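> Provided below are the primary sequence and the corresponding predicted coordinates.
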Amino acid sequence: MSDTLAPAPDQPKAAGRSALRSLNFTPRFWVSIVLIVLVALFAFVGDMLYPYGSNQRVGSLFDEPTPQHILGTDNFGYDVVALLMASTRNSLYNGLLAGTIATFLGVFIGILAGYIGGWFEEFLMGVTNIVLAIPAIVVLILISVSIQGTNLQFLKGIIGMSLVIGFTSWPWTARSVRAQASSVATREHIDVAKLSGARTFGILLRDVLPYLASYVVMAWVLQVASAILAESTLSMLGLGPSGTASLGVELHWALAFNAVANRAWWAFLPPTAVLTIISFALLYLQSSLDEVFNPRLRRGKKKNLAKAAERRAEAARRLAAEIEAEVAP
Amino acid sequence: MTETAPAPAGAAAAPVVLAADHVTKQFRVAGGKLTAVDDVSVEFREGQVLAVVGESGSGKSTLARMLLRLLPVTSGAVLYRGRDITRIKGADLRRYWHDVQAVFQDPFASFNQFFTVGHMLRRSLQTADLGGETAEQRIERCLGYVGLKPEDAVYKYPHQLSGGQRQRVMITRALLVDPKVLVADEATSMLDASLRVSVLNVLQDLRRDLGLTVLFITHDIGQACYFADQVVVMEHGQVVEHGPTDDVIFNPQHSYTKRLLADVPNLKGSLKSQRLG
Amino acid sequence: MSEKILMRATNVTAVYAGEEGADVPAVDNVTLEVPEGEILGLAGESGCGKSTLGNALAMIANPPLYVLGGQMEIDGQSIGLTTLGKSANARHRPYRGQVVSMLPQGAMNAISPTLRIRRLVCDVVHAHHKDMPRSEILDRASDRLDMLGMPKRVLDQYAHQLSGGMKQRMVTVISTLLDPHLLIADEPTSALDVSSQKQLIEMLLAMVEAKIMRGVIFITHDLPVLSMVTDRLAIMYAGKIVETGRTEDLVHQARHPYTSALLAAVLDPTEATRTKHVLGIPGAPPNLGHPPTGCRFHPRCAFVKPRCSAAEPAFRDEDGHLVACWWAEANPGVTVPVEVNLA
């Protein structure tokens, strides 16, 4: 019999479909992806096409925009567009590295705490809460300052900045992953895995993590966005990586040289705009992922919905006609 | 209440496989402790079907999870063939799970939805002694016990199976390692009546053909009546009655058992006519 | 026997929007009546469409469920059940809760844990009568509790302070506070212990006796519960009703092989259960996207004949006991031999 795949109309939401088919890429998702791709193209491909380099002095203090230098020059006489490309690239590197570190740590600690439970969970969450309670910006400032005083060159650059941000911003991810992991840990399939002889590490990797996957992706996107913003904040305060460009460093120098008072808008507006676009795109992506992963928020393609409604109305008409035909004689 | 009921003839000879010895479980809850299982001692004899019957909150599932070593005991001991296994760990515990297996209530939540049935079954065999069979042969043999063929199940994801098939696959999984004891924790309560009897029949056949000891946890005294040899009745974490099925169901001694039996709905007639008459 | 009919629903058809465009019919041209003052049981395996039918009749169908057609006559009013068209929701709203009230499956677990029960009572009534003063609502609720012999202090408690049985009885009382003509209860007893089941059943019977509602449709797969509480039964299979009649007739003189198989699978704690060996129904319920031809039960039926797959049997009326089956047609008045279900 071919009816083994009997659907149960009393429970129409088939809870598990093969992963990819169940994803629902919405217009919101595509808008944010396009924005992110444009920013990435600007940062990574732009400088191959743009005639000026970011460390090439082409003018003097705050030269106004000209056809050759459409956004003028900054306080040191560098081309703002070239600088912007390098800064965006560095800010993206920073966001990816710091966001990945923070997500990895948060997921690791959260999943361990949530799955194992007991005193281990209380210990890990205690640590997490302490880290959360310390004002992050203060810690960031202190670590940044002390890093600038070391002799390790790579720590002074963008990588050092990313490590600092990554290692301080995992707690909230840990907290929310813990809550999710402990609810997955009560599912019967975990008991089944244990009885099948699976080891704790295997269970975490294969029976807990896949259930959190969509959540982890969303957390990662948010972590990337907030890492980029955190770096900009620090750099703008003058605590950023020395000797490298970043969006925050650009803003720092623009402020230091009174770009606002000098009405040199080209020195501070472009980095602000790029920062806004990046964080908007990432936050928008994050909220659209909710729809991508959650079948209940699914909207369906308008055309198909209209077609289905048409078909249903036709079926209803046919039905009414049949009933009438039966009643008539 | 201890072993007051005489063991049925013939069963007395069967050795005790699994036993709970003064087992207690307390949970910490807001504002105190909740005793879910209170000083319970039960013995399971080889080749028998023993039903643990109780309403929600009676502690029957907690007891099962402690016997399965999925939940630590607060006090007392779990004995397997006379050996204290209350605190074994690691490889010892995995070896215990070769002998004692389980099927759970929810035929959907028991599956990892990201794996195919075949993947899930092979995972169970990783640490098993196959005794000359290949993994595929073992899987085919065990699927056969529950009336399934490999092509019905192995390449499918759990959502592609019906509820009854899912529960049969779960029984297959439990049987793969050649267990001596099968714990069925409300394994039939989410199934439709006709599927339920076919799953119960499968368990009955396994007991007959493989000599499996079955520990059947249920809230439904009717199912216990259908195929249990012994019935244990639990209330508020304690065993209130224990004995051969015929004695417990047709001649109950404890007031709780009597009330339970009186409240079970049956096909005999409507309450309405009783109310009016 | 001529009884007054409270509710008569005709030609109800409902579909689920399918994954790949095609709709799956879950209720297929069903006709159903509830006589005044009676409880009708709706039974069948999961996926047979009984809950879907309940939702269609209660006019609470939401996408992906669409009601394509059907007419309900209740208390002199005629209501089109279809949910197609923009005005359907507005058209159905005045009937919900007051003419037909639904007690959905799992309602007792949906009570907000942070609000007292009295608040829930007010919210539910205010959804239908915006202006009714709170004091009047609460007076009414406590009178109702008094009448049914339930403690009034429940109103001041939170959900977690109540047992499962008490919560279920409470949501039942709340959903009937506006004296609906018809109450539709979906699996109200399934999550309860037997003692709570019995209390709920007794309360429902008392409510019908007191004419709080004039009829009940009780949906469950649990035949013993239905046989205790209902006056009539309707058995559904694959989106269609296959047999309906007075409860004692169906239970003791089943005319449809499916009904008989369901009854045989009932395991109650009796001597007979101890000795019988039930076979269960072979196969699985059909895929409703492609139901079998003719009688939908024929691939699993022990009495199958060639014509069962060729044509759909019509209802045969035997003194109010309706059955749609070719075997029943050929053997008028004969109870399905139960032995076919036993080994």
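Cool, got the structure. Residues are numbered from 1 along each chain as shown, chains lettered A, B, ... in the order given.

> contacts and neighbour counts: CA atoms only from here.
Will do.

> how many neighbours does the residue in the stretch 151-300 of chain C positioned nearest to chain A have?
Going by Cα to the nearest Cα, chain A is nearest to residue C:287 of the stretch 151-300 of chain C, at 4.4 Å. Residue C:287: 19 surrounding residues under other Cα atoms under 10 Å in any protein chain shown.

> also residue A:253?
By other Cα under 10 Å, neighbour count at residue A:253 equals 20.

> host element of it?
For residue A:253, the enclosing helix or strand under DSSP states H and E is helix A:247-256.

> what lies in contact with that helix?
A:74-75, A:84, A:87-88, A:91, A:231-238, A:240-241, A:260, A:267-268, A:271-272, A:275 (Cα atoms under 8 Å, 6 or more residues apart in numbering or on different chains).

> next one: stretch A:38-53
By Cα under 8 Å, 6+ apart, stretch A:38-53 touches A:79, A:82-89, A:274, A:278.

> of all the residues you listed, which comes closest to chain C?
residue A:278 (35.6 Å).

> if we can go back for a sec, assign the residue of the stretch 151-300 of chain C closest to chain A to helix, strand or coil.
coil (DSSP: H, G, I helix; E, B strand; the rest coil).

> next one: the one 5 residues further on
Under three-state DSSP, the three-state class of residue C:292 is coil.

> go ahead and confirm it touches residue C:309.
Yes. Counting by Cα atoms under 8 Å, residue C:292 does reach residue C:309; the two are 7.5 Å apart.

> so which residues on the stretch 51-200 of chain B come close to chain A?
Selection of the stretch 51-200 of chain B residues close to chain A by Cα under 8 Å from any Cα of the partner chain yields B:70, B:94, B:97, B:101-102, B:104, B:106, B:109-114, B:123-127, B:157-162.

> touching both of residue C:292 and residue C:309, which residues are there?
residue C:298.

> residues from the stretch 201-343 of chain C in reach of chain A?
C:283-288.

> any residue of stretch A:314-329 touching chain C?
Yes. Using Cα under 8 Å from any Cα, stretch A:314-329 reaches chain C at A:315-316, A:319-320, A:323.

> how about the residue of the stretch 151-277 of chain B found nearest chain C, what does it touch?
Nearest residue of the stretch 151-277 of chain B to chain C: residue B:270, at 3.8 Å (Cα to the nearest Cα). With contacts defined as Cα under 8 Å, 6+ apart, residue B:270 is in contact with C:227-230.

> gap between it and residue C:5?
Separation of residue B:270 from residue C:5 (Cα to Cα, to the nearest Å): 21 Å.

> and residue A:53, by the same measure?
Taken as Cα to Cα, the span from residue A:53 to residue C:5 is 88 Å.

> what does residue B:217 give?
From residue B:217 to residue C:5 the distance is 45 Å (Cα to Cα).

> with residue C:310 instead?
35 Å.

> then residue A:224?
From residue A:224 to residue C:5 the distance is 66 Å (Cα to Cα).

> and those two? Which one has more around it.
Higher neighbour count among residue A:224 and residue C:5: residue A:224, with 28 against 16, using other Cα under 10 Å.
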